[in-house]
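need the 3D shape of this:
(chains A, B, C and D)
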Amino acid sequence: AELEAHFEATLAHKDRVEPRDWMPERYRRTLVRQIAQHAHSEIIGMQPEGNWISRAPSLRRKAILLAKVQDEAGHGLYLYSATETLGVTRTELTERLVSGAQKYSSIFNYPTLSYADVGTIGWLVDGAAICNQVPLCRTSFGPYGRAMIRICKEESFHQRQGYELLMTMMRGTDEQRAMVQESVDRFWWPSLMMFGPPDDASPNTAQSMAWGIKTHTNDELRQRFVDMTVPQAEALGVTLPDPELAWNEERAAHDFGEIDWDEFWRVVGGDGPCNAQRVAHRKKAWDDGAWVREAATAFARKQEQQQEAA
Amino acid sequence: AELEAHFEATLAHKDRVEPRDWMPERYRRTLVRQIAQHAHSEIIGMQPEGNWISRAPSLRRKAILLAKVQDEAGHGLYLYSATETLGVTRTELTERLVSGAQKYSSIFNYPTLSYADVGTIGWLVDGAAICNQVPLCRTSFGPYGRAMIRICKEESFHQRQGYELLMTMMRGTDEQRAMVQESVDRFWWPSLMMFGPPDDASPNTAQSMAWGIKTHTNDELRQRFVDMTVPQAEALGVTLPDPELAWNEERAAHDFGEIDWDEFWRVVGGDGPCNAQRVAHRKKAWDDGAWVREAATAFARKQEQQQEAA
Amino acid sequence: PSVLAGYCLMLGDDALVASERISEWCSRAPDLEEDIALANIALDLLGQARLLLARAAAADPSVVPALPGDSPVPDEDRLAFFRDDQQFRNVRLAELPGGDFAEIITRILLLATWRLALFERLTRSSDAVLAAVAAKGVKELTYHRDFAGRWFLTLAQGTDESRRRVIAALGELMPYWAELTETHPVEAAAAAAGAGVDPADVADEVDGVLGQVLSVSGVERPETAPRAGIQGRTGRDGVHTEALSRMLAETQSVARAHPRGRW
Amino acid sequence: PSVLAGYCLMLGDDALVASERISEWCSRAPDLEEDIALANIALDLLGQARLLLARAAAADPSVVPALPGDSPVPDEDRLAFFRDDQQFRNVRLAELPGGDFAEIITRILLLATWRLALFERLTRSSDAVLAAVAAKGVKELTYHRDFAGRWFLTLAQGTDESRRRVIAALGELMPYWAELTETHPVEAAAAAAGAGVDPADVADEVDGVLGQVLSVSGVERPETAPRAGIQGRTGRDGVHTEALSRMLAETQSVARAHPRGRW
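Okay, here's the model as predicted:
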């Protein structure tokens, strides 16, 4: 009880909980699940963009894209490290991912169908991720918050790069402009879905907010994203595919149309365009790499034995 | 001895030896090796052309190419059937092929590097094969001779198709004409090598001719091929890459330059551009198909058992 | 595009793209007999595709991509080689990247079962060309379905491994089944015009045939939900998997490098 | 092309094509650390390629493919995306289709060992740009070689399976080694001009380094004959394996679909 009081006090002061501190088991479990899911999202998120590395239409864009996908692997690495401070290894978590027991951000269950998608993912998907993640920099669990600070910095950079790619394409040929518009048409609604179900259908939000793992509701963040994005779309010269999208003077915010929650739940439930493909890809990489990881372990053991013998 | 006399008489009368007839063990072994090598050549020969099925530049050409490669599988099938009459199964022979114990025509160890190669293989490679094979229609072993009759008919058809593709390309753009010339430059010498080493370096020829398995020497057939091909090259409008190539009035035949026998022996010896690739491809297909062949065998066994039980 | 052209593109692209995937097996099949049989099926489908693409081009020349004025490339090739993936109208089932032999057999079974039932009705199309294409196709598709059905049974009843694989393949492919069987607006319009067939009209027959193959094979029909599209759009609307543009990058490479080429 | 341009294309294409093969590992490596390391190596090589292709274009503009007059595509991209495989001058070792992790490690070991020794001398090139590219590259290649060397050792001494695989990889790749180490006429001319380095001059050093890695790993150098070319022509002469045109069909597809594109 004393420990619990100290934990509550830490949260109340907006101080950080550190791995060595006592924490309630449910807090720990919720954290592991959330951070793991976030780590998985980074790793699965390598695939839709990675799909275009080989086809990047300029060497400069190829370098930018490869570096970005590499950054995502790095983000995964920090985040798995954060879960390791909570006593769960990367191997365990990867196995939960490839067995389908743990989820990742549903946005990555949409396919990338043109090079413009690389830009759109940077602009809209990373943009939405940043809206979700910036508040997490102040999250109650220290290692997670610190990982998020670094990640958010890099994500902002990626977002600007994505937007810049779209901007460049809009200055190109008619076909390129059409590519950008088509890509935005496909990704707009799924991006809005990234904030999760509406607040009235999001049962865990209250507890997560009390624990300081979450700091804003889904709908608040979604609104912030829409308001931020509309002027960017105008600057870019694309139309967002929502006839109901309009500035509401009264609310000082944009109204927007109804999200297709049926599609949302289908994708979350595993029937999205790419769920099976994404998990199969990750599982294959993991399985194909087993002999290498075993070799590394065996080699390290031999090295240790030699050192002990010496 | 009586059997042997009968066998010799059959050969002397240019009659056919049939599977049920007695034959000397060395004749049988030589035949198996020769027919198997021929069968393997058809099967391995599917790969260089098969390499372009997915990239055929018109649907008509795609259909022609796919049908041609399919015919090669068919030729392989007849020829393996001929070896089966000599008591050697297709499975045994395939295993000798993928283990590297048996060879196939070295020409298929050259890569196909443009769509023109599909035409050049038809024209030069099938052309050379026909020169080699037409005499085999009268070979002493019945099933082999009959298979060759059917094969030669189809090969002539393929040769005409190949030549027609090149002719069409020569009527196309400058790039297409350059593609044809480049392809002919690469395949000319390897095609001449298809007739095997010069007669003075071909120790088995005499015995094979005595047995009626072979009816002309390597150099005779090579000369016939050159003489046949030169006017076709002219009609096509390509230059054969041999500055020494010239009509010799006295011999009433074309003189031609020295073949690079060093390259020939390297390729025969396994170090050609594609030897490793071709065998690995075949081995992978064979290994990947093992579970299917096992399933078919298991299913057939179950069917038999049910019929017996009924 | 006109309804007839749009409808012919759907049926033509199904055949073209499936043919491409099946022909990837050339020189890679478990044995020579299957190598030859798969090539036959690929050739039949390629033939159907050529007739259907030509019909689409004739029905509405605006669907044919423009090329430099002096290009001799015929319409069927313009449609096959000069459209982007988003202009293809095939179902996603046709384009999925290749799996093992159980996968290609199961895929042919599904595609041929549906297409055969459809083509049988399409022989009565008000469009004489479509009716003729269908009449020719019925014989071919009967063979495809029988070949695939026989192998499905063989694998299902063969070894534990083959059974495991064929059941896995069915589980992976069935989520794409609805794309064939649900009526697309273009199909509805083509059916209304008497030129096409509404897949709803053959649904029972198709389900019956498939059910019979599964039942003989002792395989249960998997309870999979349909694979979602994007805002309701799937292959027939030009919204494909990541595999199609990758496939087209390869298949179109030579043709596109020579837009004025003669082949 | 001028000797300097031809020489830069050789070194640039080696880097570009190897980078492409290495980047195929992205999201597929055995663990995240290797995924990141391989991406790093691919990025370094891509950077080297860009500088070398740009140098080739500047040294001899005639090597740069022509595009429509108003095309904004820069020289490095014209060279990367608008040349056919026969215009590429890389060694075949760089372009071989991907194998397993042992294969990519062994390939990086071979390429980096050779290239590092070469680049160390190339820092004294009479061409200031080449000298600068080499100076930057030396640091990168040292890391590549060390990374690959460490993994080669780990796999050779790890498990039976890893040892078997790495020895198999070495056996498959060594036949292509001679293409790097034998002097090509363009290399000889570039060396004579003071701009390039004759591979013969680094042969002993390269062999020594490679021998040391093998010896520490307890792996014998396989006695493989060099892989033949065609009439003596190999990668440096534009005679490649079947894999290169297939790879380029994919890598060039988007760029070629938009010859006037801005990216």
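
in the one helix or strand A:Ala82 maps to, what's buried?
Using DSSP states H and E, the element containing A:Ala82 is helix A:59-84. For helix A:59-84, a neighbour-count test (16 or more other Cβ atoms under 10 Å in any protein chain shown) marks A:59, A:61-80, A:82-84 as buried. Placement of C-beta: from N, CA and C, glycine included.

so how far is the longest helix anywhere in chain A off the chain centroid?
When chain A is parsed with DSSP state H, its longest helix is helix A:142-170. Distance of helix A:142-170 from the chain centroid (Cα atoms, centre = their mean, to the nearest Å) equals 11 Å.

summarise which helices and strands it is packed against.
helix A:59-84, helix A:116-120, helix A:126-133, helix A:174-193, helix A:218-236 (3 or more Cβ pairs under 8 Å, 6 or more residues apart in numbering or on different chains; DSSP states H and E).

can you put those in TSV and add mean pLDDT and distance to B:Gly172?
Compiled in TSV, the helices and strands packed on helix A:142-170 are given as follows (pLDDT from 0 to 100; distance: least, Cβ to Cβ, whole Å):
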stretch	mean pLDDT	distance to B:Gly172
helix A:59-84	96	32
helix A:116-120	98	34
helix A:126-133	93	47
helix A:174-193	98	27
helix A:218-236	96	43
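
near chain B, anything from stretch C:148-162?
Yes - for stretch C:148-162 and chain B, the contact criterion (Cβ under 8 Å from any Cβ of the partner chain) is met by C:Leu153, C:Thr154, C:Leu155, C:Gln157, C:Gly158, C:Thr159, C:Glu161, C:Ser162.

grab the nearest non-local neighbour of the second one.
Across the structure, with Cβ to Cβ, 6 or more residues apart in numbering or on different chains as the measure, the residue nearest C:Thr154 apart from its sequence neighbours is B:Phe299 (4.5 Å).

so which of the residues of stretch C:148-162 next to chain B belong to helices?
C:Leu153, C:Thr154, C:Leu155, C:Gln157, C:Glu161, C:Ser162.

between the residues you listed, which is closest to chain D?
C:Glu161 (22.1 Å; Cβ to the nearest Cβ).

the closest one contacts B:Arg293, doesn't it?
No - the pair C:Glu161 / B:Arg293 is not scored as a contact, 11.7 Å apart, by Cβ atoms under 8 Å.

dump the residues of stretch C:148-162 next to chain B to JSON lines, plus neighbour count and pLDDT.
Below are those laid out as JSON lines (neighbours: other Cβ atoms under 10 Å in any protein chain shown; pLDDT from 0 to 100):
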{"residue": "C:Leu153", "neighbour count": "18", "pLDDT": "98"}
{"residue": "C:Thr154", "neighbour count": "22", "pLDDT": "98"}
{"residue": "C:Leu155", "neighbour count": "28", "pLDDT": "98"}
{"residue": "C:Gln157", "neighbour count": "19", "pLDDT": "98"}
{"residue": "C:Gly158", "neighbour count": "25", "pLDDT": "98"}
{"residue": "C:Thr159", "neighbour count": "17", "pLDDT": "98"}
{"residue": "C:Glu161", "neighbour count": "16", "pLDDT": "98"}
{"residue": "C:Ser162", "neighbour count": "24", "pLDDT": "98"}
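
quickly check the residues you listed for the two that are furthest apart.
Using Cβ to Cβ, the two most remote members of the residues of stretch C:148-162 next to chain B are C:Leu153 and C:Glu161, lying 15.8 Å apart.

so how far is the worst-scoring helix or strand of chain A on mean pLDDT from its chain's centroid?
Counting by mean pLDDT, DSSP states H and E, chain A has its least confident helix or strand at helix A:205-210, which shows a mean of 78. Taking Cα atoms, centre = their mean, one finds helix A:205-210 lying 20 Å from the centre of the chain it belongs to.
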